[in-house]
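# The following block contains a protein sequence and its predicted model.
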Amino acid sequence: MIYWRRRALVVLSLVTIVVLGYLGVSLGFALTNQGYGVSFQARFAEWGRQHGVGGLVTWAETEYNKLHPPKVGGAPPVNSFGSGVTTITVPAGQHLAAPKKMSTPAANPEPGEGVWRVAGRTTANGTPTMYETFVRPDAVHTSYVVGVVWMDPTLLSAQLYSGSQIPGGGPYTYTAPITAKNSVNLTAAFNAGFRMQDANGGYYTQGKMIMPLRVGAASAVVFKDGTMTVGKWGRDVKMSNQVASVRQNLDLIVDNYQPVSGLTNANLAKWGKTIGGAYYVWRSGLGVTKTGALVYVGGPSLSISDLANLLVRAGARRAMELDINTDWVQFSSFTGPLNSATTANNGLSLLGPSAGPSAMAGPPGRYFANWWTRDFYTMTLRAKDAVK
């Protein structure tokens, strides 16, 4: 009897050592893997949710957020509202009219707030393909700044890049890192949506249904001619032989130029889980205007209602939420000589270090790294507009 008891203890000890050893190695790998996030906190959270301690992770995040709520009042850092070109003579041609000044949710506009500035590569004849502006998220959290980008799909061609983690599967023709060939005339890259298990939607690319598309889901659709739109699947957009990719994420948050109902209910699961259940977090969204322009919004201290409000102010007819939380919201613009490859060194984050607490985590380099495992979008200057 004593013999078997000792043998059982030895086996149990060996199993414990093996399990702890595996978890230790696995955690060590996660903490050094940038694909799990920019911060160690995000990397640990991703690892924890993959290894059965998601409840503990969520509890810790909730307690942290209780102790570190967004700052109320105050002013953003100097020069938070951009310093690029605002006045430009736009050559005539087949392109969309430039956007009008955007109103701010804050009570009193700061100088330059809501003013659109030229961003990224322009066409060979000098026509802007993108504009960016900066506003505060609301009238309460006034020390933060949110970035907004307006993109002209008549001059830019969209492409969905798929990741080995999100959506998984593959191999994919377009996946990180962006190659030198595909970086020729690259103008922008930005994050897509949630992990597929949280997106409540499907994924279609390269003629393959990676995950079934849900009727009624908010959908970012890229067509084979490079144009892109946002809509409700089955109503605004449907499958056809002209569809190149469909990326779904939750439900629309803007419809018919208005925020949809229910957004003011704090952090409904319908709009996605945030780190620790926080209401005001980093969020991003994508919308389409009446003329077909695309608008991207990304920044800190945003409720889902705030995000929808900003997309409406930017002119969105329909809009959806993209990814949320600090490590995953990232928009980069790129410059450089036309008809030539670019690198991360030519990239600028929409909210760079000068934005202080509003700076985006992680530089443009993620899109050029083979460790980046999430899906994202690129916008590239069309070949016809890269030559005079």
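Right, received. Where do you want to start?

# For the rest of this, base every contact and every neighbour count on C-alpha atoms.
Noted.

# what comes up buried for stretch 187-206?
The neighbour-count criterion (16 or more other Cα atoms under 10 Å) identifies 187-196, 199-205 as the buried residues of stretch 187-206.

# Relative to G84, how far out is the residue nearest to G315 when sequence neighbours are not counted?
In space, and not counting its chain neighbours, G315 is closest to T289: 5.5 Å by Cα to Cα, 6 or more residues apart in numbering. When distance is defined by Cα to Cα, to the nearest Å, T289 is 24 Å away from G84.

# same thing with F376?
If you measure F376 against G84 using Cα to Cα, the figure is 26 Å.

# And these two? Which one has more around it.
Applying other Cα atoms under 10 Å to F376 and G84 shows that F376 carries more neighbours, namely 23 against 13.

# re earlier: thought the residue nearest to G315 was touching A316?
Yes - at 4.4 Å, T289 and A316 qualify as touching, with contact defined as Cα atoms under 8 Å.

# where are the low-confidence patches of the stretch 151-300 of the chain?
Of all residues in the stretch 151-300 of the chain, those with pLDDT under 70 make up the ranges 265-278.

# can you give me the strands in it?
Secondary structure of the stretch 151-300 of the chain, counting by DSSP state E, counting those that start in this stretch: strands at 156-161, 186-191, 203-205, 208-211, 218-223, 228-232, 243-248, 252-255, 258-259, 281-289, 294-302.

# To E113, which of those strands lies closest?
The closest approach between E113 and any of the strands of the stretch 151-300 of the chain, judged by Cα to Cα, belongs to strand 294-302 at 14.6 Å.

# Tell me who's in contact with the spatially most central residue of the chain.
Using Cα atoms, centre = their mean, the residue of the chain that lies closest to the mean C-alpha position is N191, 3.0 Å off. Contacts here follow Cα atoms under 8 Å, 6 or more residues apart in numbering; on that basis N191 touches 322-323, 328-331, 375-377.

# May I have the beta-bridge partners of M209?
Listed by DSSP bridges, the beta-bridge partners for M209 are Y204.

# Sorry, slip of the keys, the one I care about is R283.
When assigned by DSSP bridges, R283 has beta-bridge partners G299, I324.

# if I pick it, what's in contact with it?
Contacts here follow Cα under 8 Å, 6+ apart; on that basis R283 touches 298-300, 302-304, 307, 321-326, 329.

# That one and G201, how far apart?
Applying Cα to Cα, the value for R283 to G201 is 18 Å.

# burial of I253, as a residue count?
The number of residues packed near I253 is 27, by other Cα under 10 Å.

# Could you pull up the residues touching it?
With Cα under 8 Å, 6+ apart as the criterion, the residues that contact I253 are 259-260, 263, 308, 318-321.

# TSV please, covering those and showing neighbour count and distance to W150.
Converted to TSV, the contacts of I253 look like this (neighbours: other Cα atoms under 10 Å; distance: Cα to Cα, whole Å):
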residue	neighbour count	distance to W150
P259	25	19
V260	17	22
L263	19	24
A308	31	15
R318	28	14
A319	36	13
M320	32	15
E321	31	16
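
# Which parts of the chain are helices?
2-31, 40-50, 54-67, 196-199, 304-313 (DSSP state H).

# hmm, back to that, can you tell me which of the contacts of I253 is closest to L213?
Distance ranking of those against L213, using Cα to Cα, places M320 first at 15.6 Å.

# Give the bridge partners for the residue nearest to P363 when sequence neighbours are not counted, please.
Residue nearest to P363 in three dimensions, not counting chain neighbours: S349, with 6.4 Å by Cα to Cα, 6+ apart. Partner residues in beta bridges with S349, using DSSP bridges, are S332.

# Can you verify my assumption that S349 contacts F334?
No - between S349 and F334 no contact is recorded; they are 9.1 Å apart, counting by Cα under 8 Å.

# between T289 and A316, which one's more packed in?
A316 (30 against 21).

# Identify the residues contacting the more buried one.
For A316, the contacting residues are 254, 257, 287-290, 294-295, taking Cα under 8 Å, 6+ apart as the criterion.

# go again using 6 Å as the cut-off
287-289 (Cα atoms under 6 Å, 6 or more residues apart in numbering).

# Can you tell me which of those residues is closest to G170?
Checking the contacts of A316 one by one against G170 (Cα to Cα), the nearest turns out to be G287, at 27.7 Å.

# ok, for that closest one, nearest residue in space, not its chain neighbours?
Using Cα to Cα, 6+ apart, the closest residue to G287 is A319 (3.8 Å).

# before we move on, what about V387?
Nearest-residue entry for V387: A124, 5.3 Å, with adjacent residues in sequence omitted and distances by Cα to Cα, 6+ apart.

# what's the neighbour count on the one you found?
17.

# For it, give me its contacts.
Residues in contact with A124, defined by Cα under 6 Å, 6+ apart, are 386-388.

# Over to G298?
146-147, 283-284.

# mind checking how far it is from L311?
Distance from G298 to L311, counting by Cα to Cα: 10 Å.

# so what's the closest residue in space to T205 that isn't next to it in sequence up against?
Spatially, and ignoring its direct neighbours in sequence, T205 is nearest to S245 (4.4 Å; Cα to Cα, 6+ apart). Each residue near S245 by Cα under 6 Å, 6+ apart is listed here: 204-205, 221-222.

# how about these in CSV, adding distance to P177?
Below are these laid out as CSV (distance: Cα to Cα, whole Å):
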residue, distance to P177
Y204, 20
T205, 18
V221, 22
V222, 20
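
# before we move on, the earlier item: which one of the contacts of N191 sits closest to M102?
Closest approach between the contacts of N191 and M102, by Cα to Cα: F331, at 19.1 Å.

# how many other residues sit next to that closest one?
For F331, the neighbour count with other Cα under 10 Å is 28.
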